[in-house]
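> the sequence and its predicted three-dimensional model are supplied below.
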Amino acid sequence: MTHRSSRQAQRMLPEDLSLNPMFVGEGEEAVPRFRMREKGMVPETAYQIVHDEIALDGNARLNLATFVSTWMEPAADRLYAEAFDKNIIDKDEYPQTAAIEERCVHILADLWHSPEPQSTMGVSTTGSSEACMLAGLALKRRWQNARKKQGKPIDRPNIVFSSAVQVVWEKFANYWDVEPRYVDITPDRPYLDPKGVLAAVDVNTIGVVPILGVTYTGVYEPIAEIAKALDDLQERTGLDIPMHIDAASGGFVAPFLQPDLVWDFQLPRVKSINVSGHKYGLVYPGLGWVIWRQAEDLPEDLVFRVSYLGGNMPTFALNFSRPGAQVLLQYYNFLRLGKEGYYKVQKYSQSVAHFLSAQIQNTGPFELLTDGSDIPVFAWRLKDGYTSNWNLYDLSKQLRTYGWQVPAYPMPADMEDVTIMRVVVRNGFSMDLAHLFLMNLQQAVAFLDSLDGPMPHETKKDNGFHH
Ligand SMILES: Cc1ncc(COP(=O)(O)O)c(C=O)c1O
């Protein structure tokens, strides 16, 4: 589905694509933009058309908006090219890819302190979004099965998270008919508050979902505190509510940068965890993981069997076919980096985040919300009353003139009045680039400060970033 305004904009373009005369053959048919041409064309021409068009996309190295990997080293690129053709579901045809996926599951289960790392269940997915859907489904089915056993109704499930939850959880609730219960964040506690959790849960709660690395600001939600509050609740009332941890970013950061933080399967209430392999797992887009604490935490009736070496293998996934190459790249990174390598890469990103956030804090107009101490992501706001001539949306547009893509957006309920700007520091964003970014940020601010009057605003908020 295309974005409506982008579709309208495309309709304003000429009906046919324009071909460079060097590629136009004798009697060459026009190339319609929105219809398939009768005849094909030579590979070089097709390549050139697509190649030229994507040159207008942003420069990935200057994209400080995305969490998703934009660079891997040449050996990984080579492996990727060798594995383009592998379909993850063809376990029979590609048994070693299947074995490597299994190995990765157990490596992650071990990293996150599962009590049964070698036998527990887990799967690779297209990203954290699919992983969250699967984890949410498992929570729902587990709750339904328990309620059915007690002869109790199962028609009103709910799920609890903070208002700063990523959109995937809204989707989960919508697509699978579960009532979303948002605990609003506050300026004092801009994350899932244990007291708010206790006020939101009841006998119909399928689970509570804290985030390890909130998308808006990068902050870790207080998982151990929430688990403790739910332990106390169980002691008082007998109500046993499981937790799923959305560790889309933090699952590959906390084990290396904050090894003493207790957030994972060390807490018995944590029944499943998801992570994006394509974020701080350092793999190209298209990879997520979800792991259950123990095999029994994934309801058996959700598991399908696919043929595998004459036997069958349990799978749990929304897709059937999906690329297998990213799984191999994840395993490549595990081998290549080890724990020490992951530590070094994430530590470097964090030192860039700390350097930049400290500099930004010292730049007149800004005030930090986070400084990159959890995941290497930080966010800032414009100081109250600094100027009425420009806002962070204007700054975001101004930074685009230098090529930098930095989103500005409003915080969620109950902080909608606060607009923030966020930088995600990923592998490949070097200290040298950080110095250049800082210089351009200062130039952009100087330009905006020099305006005689307010910037014209078409809409207050839309600057092209959607989160
Ligand atoms: C906390 C959180 N959960 C889920 C997602 C969705 O992840 P993916 O893009 O891997 O589908 C994101 C993406 O930013 C996220 O930050």
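Now that the structure is in, tell me what you want to look at. Numbers count the residues shown, from 1 in each chain.
> contacts and neighbour counts: CA atoms only from here.
Fine.
> okay, now the residue in the stretch 251-400 of the chain that the ligand sits nearest to: neighbour count?
Closest to the ligand within the stretch 251-400 of the chain is S276: 4.8 Å, counting by C-alpha to the nearest ligand atom. Residues lying near S276 (other C-alpha atoms under 10 Å) number 32.
> what pLDDT is listed against it?
With respect to pLDDT, S276 scores 98.
> how about it, nearest residue that isn't a chain neighbour?
G288 (4.1 Å; C-alpha to C-alpha, 6 or more residues apart in numbering).
> residues in contact with the one you found?
124-131, 274-278 (C-alpha atoms under 8 Å, 6 or more residues apart in numbering).
> before we move on, what about K347?
K347 neighbours (C-alpha under 8 Å, 6+ apart): L257.
> backbone dihedrals for it, please?
For K347, the backbone dihedrals (degrees, to the nearest 10) come out as phi -70, psi -40.
> dump the C-alpha coordinates for the helix or strand of the chain with the lowest mean pLDDT into CSV.
The weakest-scoring helix or strand in the chain, judged by mean pLDDT, DSSP states H and E, is helix 4-11 (a mean of 70). C-alpha atoms of helix 4-11 as CSV (Å, rounded to 0.1, in the frame of the first residue of the first chain):
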residue,chain,number,x,y,z
ARG,A,4,-1.7,8.6,-0.2
SER,A,5,0.3,11.8,-0.6
SER,A,6,3.1,10.0,-2.3
ARG,A,7,0.6,8.4,-4.7
GLN,A,8,-0.9,11.8,-5.5
ALA,A,9,2.6,13.2,-6.1
GLN,A,10,3.4,10.3,-8.4
ARG,A,11,0.2,11.0,-10.4
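> right, and the helix or strand after that helix?
strand 16-17 (DSSP states H and E).
> sheet-wise, list the partners of that next one with their directions.
strand 31-32 (antiparallel) (DSSP bridges).
> pLDDT on the strand it pairs with, on average?
91.
> go on, stretch 185-195?
Rounded mean pLDDT across stretch 185-195 is 95.
> need the residues that contact that stretch.
By C-alpha under 8 Å, 6+ apart, stretch 185-195 touches 161-164, 183-184, 210, 214, 219-222, 225-226, 229, 412-415.
> do that again at 6 Å, thanks
162, 221, 226, 414 (C-alpha atoms under 6 Å, 6 or more residues apart in numbering).
> quick check: E296 vs M121, distance?
For E296, the distance to M121 (C-alpha to C-alpha, to the nearest Å) stands at 8 Å.
> buried sites along the least confident helix or strand of the chain?
Buried residues in helix 4-11, counted by 16 or more other C-alpha atoms under 10 Å: none are found.
> next: stretch 68-82.
68-72, 76, 80.
> ditto for stretch 274-283
274-283.
> narrow these to those in strands?
Under the assignment DSSP state E, these contribute 274-276 to strands.
> residue ranges for the strands of the stretch 151-300 of the chain, please.
158-162, 179-183, 205-208, 243-246, 270-276, 288-292 (DSSP state E, counting those that start in this stretch).
> direction included, what does the last one pair against?
Spelled out, it's strand 288-292. Partners of strand 288-292, by DSSP bridges, with direction: strand 122-125 (antiparallel), strand 270-276 (antiparallel).
> wait, isn't Y284 in contact with H278?
Yes. Between Y284 and H278 there is a contact under C-alpha atoms under 6 Å: 5.3 Å.
> rewinding a little: deepest of the strands of the stretch 151-300 of the chain, which one?
Per-stretch averages of neighbours, counted by mean count of other C-alpha atoms under 10 Å, single out strand 270-276 among those, with a mean of 29.
> just the CA trace of it, in PDB.
C-alpha atoms of strand 270-276 as PDB (Å, rounded to 0.1, in the frame of the first residue of the first chain):
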ATOM      1  CA  VAL A 270       9.400 -13.100  31.800                       C
ATOM      2  CA  LYS A 271       8.000 -15.800  29.400                       C
ATOM      3  CA  SER A 272       9.200 -14.500  26.000                       C
ATOM      4  CA  ILE A 273      11.600 -11.900  24.500                       C
ATOM      5  CA  ASN A 274      11.800 -10.500  21.000                       C
ATOM      6  CA  VAL A 275      14.700  -8.700  19.300                       C
ATOM      7  CA  SER A 276      15.400  -7.300  15.900                       C
END
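> which residues touch it?
127-128, 131, 243-248, 251, 288-293.
> now do the same end-to-end measure for stretch 186-206.
25 Å.
> distance of the residue of the stretch 151-300 of the chain found nearest the ligand relative to N362?
Residue nearest to the ligand within the stretch 151-300 of the chain: T215 (4.3 Å; C-alpha to the nearest ligand atom). Taking C-alpha to C-alpha as the measure, T215 and N362 are separated by 24 Å.
> more neighbours: which of those two?
T215 (21 against 12).
> part of a helix, is N333?
Yes. Per DSSP: H, G, I helix; E, B strand; the rest coil, N333 lies within a helix segment.
> point out where the chain drops to low pLDDT.
Applying pLDDT under 70 to the chain picks out residues 1-5, 458-467.
> change it to 90
For the chain, the stretches with pLDDT under 90 are 1-30, 56-61, 90-93, 304-315, 319, 363-364, 387-388, 414, 453, 455-467.
> so who does the residue nearest the centre of it touch?
By C-alpha atoms, centre = their mean, the chain has its centre lying nearest to A248, at 5.3 Å. The contact partners of A248, by C-alpha under 6 Å, 6+ apart, come to 128, 274-276.
> go again using 8 Å as the cut-off
Applying C-alpha under 8 Å, 6+ apart, the residues near A248 are 128, 211-213, 274-276, 279.
> tell me the domain ranges of this structure?
4-57, 77-334, 344-449 (automatic domain parsing).
> and the strand or helix carrying E53, which residues are buried?
Assigned by DSSP H and E, E53 belongs to helix 43-54. Buried residues in helix 43-54, counted by 16+ other C-alpha under 10 Å: T45.
> tell me how far it is from the chain's mean position?
30 Å (C-alpha atoms, centre = their mean, to the nearest Å).
> next structured bit after that helix?
helix 74-83.
> what residues does the chain have near the ligand?
127-129, 166, 168, 211, 214-215, 246, 248, 276, 288 (C-alpha under 6 Å from any ligand atom).
> redo that, cut-off 8 Å
For the chain, the residues in contact with the ligand (C-alpha under 8 Å from any ligand atom) are 66-68, 126-132, 165-169, 211-216, 246-249, 275-279, 286-288, 467.
> N312 and V306 touch, don't they?
Yes. Counting by C-alpha atoms under 8 Å, V306 is a contact partner of N312 at 5.2 Å.
> more neighbours, those two?
V306 (17 against 13).
> does that one sit in a helix, a strand or a coil?
Once three-state DSSP is applied, V306 turns out strand.
> so which of the contacts of stretch 185-195 sit within helices?
Counting by DSSP state H, those place I226 in helices.
> may I ask which of the contacts of stretch 185-195 has the most neighbours?
Of these, with other C-alpha under 10 Å as the count, S162 tops at 26 neighbours.
> and it, what are its bridge partners?
Under the criterion used (DSSP bridges), S162 bridges to V183.
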